[in-house]
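In: Sequence first, predicted model second:
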Amino acid sequence: MLPYGHQSISDADIAAVCEVLRSDFLTSGPRVEEFERHFAALVGAKHAVAVNSATSALHLAMCAADIGPDDRVITSPNTFVASANCAAFVGATPDFCDIDPVSYNLDPAALKKSWQSDTKAIVAVDYAGQPCDMSAIAQVARERGAVVIEDACHGVGGGLMHGGRVWKLGGHPWADMTVFSFHPVKTMTTGEGGMLVTDNDLWAEQVRCLRSHGIVRDAAQFESSDSGPLTSEKGPWYYEMHSLGYNYRMTDIQCGLGLAQLNRLEAFIARRREIVARYNGAFERLPWLTTPGLRHPANRDHISWHLYTVQMDFRTIGKTRTEVMAQLRQMGVGSQVLYIPVHVQPWYRKTYGYVLGKCPVAEDFYERALSLPLYPALSDSDADRVIDAVCSLND
Ligand SMILES: Cc1ncc(COP(=O)(O)O)c(C=O)c1O
């Protein structure tokens with residue numbers, strides 16, 4: 001069975017992990033700093049902070065931006081729940097605006113319309129790896145004093161064209177913080193893991209501190225200089241907790257794998273692009289199927305595709321999506337539905353009173369979406385098996 005996504009682990013990746021296992025540090029050691037440095041250089045950001053998941057990175061982005069109970073955070077409904085949950089973690093109200101029918105990403109015009117006076121942050125999700133219209137989103141947000149967080153979990157290593165040059169996700173000026181995921185189905189993996197990148201020194205320092213319990217070990221930052229005899233001796237053991245933080249640390253084992261995977265990232269992205277081109281070439285002639293659209297065709301050669309999601313007219317082929325998925329499975333082809341619009345999830349309906357019809361484009365997209373296998377180890381003959389299976393759906 002060809003799954004819809006799969007990690008690619010080489011002997012070099014395994015050797016990199018084993019090397020860490022034989023070393024002195026399994027966590028909070030040199031691999032973490034090395035992985036962060038390489039990742040920051042790759043995307044062109046000043047700071048990269050490694051954490052144990054992108055969910056943690058999104059949570060800490062909210063904390064750094066000082067988002068709280070009186071604030072609203074707008075994101076795309078076409079995403080994994082974590083992009084919205086992060087706002088709820090800090091007591092803010094997660095809200096949703098509709099998506100663009102071509103890119104399936106947050107629509108800047110809809111964002112403008114759904115703006116409310118308490119909106120303090122935007123989480124712009126690069127669905128499937130295609131970048132959002134970041135400059136337009138940043139313009140709407142910055143004119144109104146809101147922070148832009150880019151959820152680039154799907155787009156590790158990807159970029160966008162703007163002003164005649166290529167900008168890497170994480171390195172362009174239209175996001176204040178950018179978050180990446182290294183979950184196994186993503187473009188590269190650390191098992192579980194995430195990265196927050198930013199050019200903002202203060203936010204980077206806050207995120208570093210919060211990922212490890214809000215503890216400070218640098219003597220220059222100690223506060224309790226006059227807190228009495230108990231803490232007057234500040235020996236090598238001494239630390240201070242300055243804020244209520246978490247254990248969101250990434251281990252050296254994960255970072256060892258991350259460093260080895262970084263060496264293969266360009267090859268992963270190139271192979272994913274080849275498969276996308278092969279699928280597009282075969283599917284464009286099917287009148288009952290829509291291939292992934294590009295909102296900005298100039299981005300074509302810079303996208304790091306995580307998902308290959310088509311829209312199918314199930315009525316035309318006379319089958320339900322469940323029947324289509326079962327038929328594909330019988331032919332050895334796995335598929336997945338990404339995403340159920342977050343605002344219709346029971347918890348969101350109950351907690352915030354969101355109703356069906358709030359984001360009609362995202363709801364319509366969901367009804368017709370199906371993601372097909374896409375991962376670097378998928379061979380040309382595997383891809384042709386997927387193509388044959390899909391084309392036979394209307395026989
Ligand atoms: C768009 C998006 N945001 C956030 C996340 C959360 O990532 P993680 O699993 O690393 O916490 C995911 C993971 O599936 C995702 O797809």
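Out: Okay, I see it.
In: Now do the strands in the stretch 251-395 of the chain.
Out: If DSSP state E, counting those that start in this stretch is used as the criterion, the strands of the stretch 251-395 of the chain fall at 289-290, 308-312, 369-372.
In: Run through who's touching the second one.
Out: So that's strand 308-312. If you take C-beta atoms under 8 Å, 6 or more residues apart in numbering as the criterion, strand 308-312 is touched by 104, 127-128, 275-276, 279, 283, 288-292, 321, 324, 338, 365, 368-374, 390, 393. Any C-beta I mention is one placed from the backbone N, CA and C, and that applies to glycine too.
In: Same question for stretch 130-145.
Out: Stretch 130-145 is contacted from outside by 100, 103-106, 108, 111-112, 115, 119-120, 122, 124-126, 147-148, 150, 152, 155, 158-160, 162, 169, 172-175, 292, 294-296, 299, 303, 305, using C-beta under 8 Å, 6+ apart.
In: repeat that for 6 Å
Out: Contacts made with stretch 130-145 from outside it, assessed by C-beta atoms under 6 Å, 6 or more residues apart in numbering, are listed as 103, 105-106, 108, 111-112, 122, 124, 126, 148, 160, 174, 303.
In: So it, near the ligand or not?
Out: No: with C-beta under 6 Å from any ligand atom as the criterion, the ligand is not reached by stretch 130-145; the gap is at least 11.5 Å.
In: isn't H306 right next to A152, touching?
Out: No: distance between H306 and A152: 9.8 Å, which falls outside the contact criterion (C-beta atoms under 6 Å).
In: where does this protein dip in pLDDT?
Out: Within the chain, the segments meeting pLDDT under 70 span 224-228.
In: That one: helices as residue ranges?
Out: Secondary structure of the chain (DSSP state H): helices located at 11-21, 30-43, 54-64, 82-89, 108-114, 134-143, 201-210, 252-262, 265-283, 314-317, 321-330, 346-352, 360-368, 380-391.
In: Let me know which of the strands of the stretch 251-395 of the chain is the nearest to S8.
Out: The minimum distance between S8 and those falls on strand 308-312, with 16.1 Å, by C-beta to C-beta.
In: Name the strands paired with the closest one and say parallel or antiparallel.
Out: Counting by DSSP bridges, the strands paired with strand 308-312 are strand 289-290 (antiparallel), strand 369-372 (antiparallel).
In: Can you say which of these is packed in most?
Out: Across the strands paired with strand 308-312, the average number of neighbours (mean count of other C-beta atoms under 10 Å) peaks for strand 369-372, which reaches a mean of 22.
In: For the ligand, tell me whether that one is touching it.
Out: No: residues of strand 369-372 are not located near the ligand by C-beta under 6 Å from any ligand atom, the shortest gap being 11.5 Å.
In: just stretch 193-206 next, same as before
Out: Yes: for a cut-off given as C-beta under 6 Å from any ligand atom, stretch 193-206 has contacts with the ligand, namely G194.
In: Mind listing residues that contact that stretch?
Out: Contacting residues not belonging to stretch 193-206 are listed as 39, 43, 45-51, 53-54, 56-57, 64, 170, 177-182, 207, 250, 254 [C-beta under 6 Å, 6+ apart].
In: Nearest the middle, which residue of the chain would you pick?
Out: In the chain, the C-alpha nearest the mean C-alpha coordinate belongs to C153, at 1.5 Å (C-alpha atoms, centre = their mean).
In: Report the spatially nearest residue to that one, omitting neighbours in sequence.
Out: Once flanking residues are discounted, C153 sits nearest to S181: 3.7 Å by C-beta to C-beta, 6 or more residues apart in numbering.
In: same question, G293
Out: Closest residue to G293 in three dimensions, ignoring its sequence neighbours and counting by C-beta to C-beta, 6+ apart: V102, at 3.9 Å.
In: Counting neighbours, what do you get for the one you found?
Out: If you count neighbours by other C-beta atoms under 10 Å, V102 ends up with 14.
In: Ramachandran angles for it?
Out: For V102, the backbone dihedrals (degrees, to the nearest 10) come out as phi -90, psi -50.
In: Contact partners for T55?
Out: T55 sits next to A82 when contact means C-beta under 6 Å, 6+ apart.
In: cool, the one 4 residues further on as well?
Out: The contact partners of H59, taken as C-beta under 6 Å, 6+ apart, are 86, 89.
In: how close does it sit to G332?
Out: Note on H59: its distance to G332, by C-beta to C-beta, to the nearest Å, is 39 Å.
In: With S243 instead?
Out: Look at S243 and G332: by C-beta to C-beta, they are 51 Å apart.
In: Equivalent analysis for R349, please.
Out: Relative to G332, R349 is positioned 37 Å away (criterion: C-beta to C-beta).
In: Equivalent analysis for G293, please.
Out: Taking C-beta to C-beta as the measure, G293 falls 28 Å from G332.
In: Please apply the same query to M177.
Out: From M177 over to G332 the distance is 41 Å, taken as C-beta to C-beta.
In: neighbour-wise, which of the two wins?
Out: More neighbours surround M177 than the other of M177 and G332, with 30 against 13 (other C-beta under 10 Å).
In: Who are the contact partners of A175?
Out: Contact criterion C-beta under 6 Å, 6+ apart gives 148, 150 as the residues in contact with A175.
In: mind redoing it with 7 Å?
Out: Residues touching A175, when contacts are defined by C-beta atoms under 7 Å, 6 or more residues apart in numbering, comprise 134, 148-150.
In: now, the most widely separated pair of these?
Out: Taking C-beta to C-beta as the measure, the contacts of A175 span a maximum distance of 11.3 Å, between M134 and I149.
In: what's the nearest residue to G194 if we skip its chain neighbours?
Out: The shortest distance from G194 to any residue that is not its chain neighbour, by C-beta to C-beta, 6+ apart, is 3.6 Å, and that residue is A54.
In: Just confirm the one you found contacts K186, I think it does.
Out: No: with contacts counted by C-beta atoms under 7 Å, A54 stays clear of K186, the gap being 8.6 Å.
In: top strand in the protein by residue count?
Out: Using DSSP state E to define each element, the chain has its longest strand at strand 119-125.
In: Show me what that strand is packed up against.
Out: Where contact means 3 or more C-beta pairs under 7 Å, 6 or more residues apart in numbering; DSSP states H and E, strand 119-125 is packed against strand 72-75, helix 134-143, strand 147-151.
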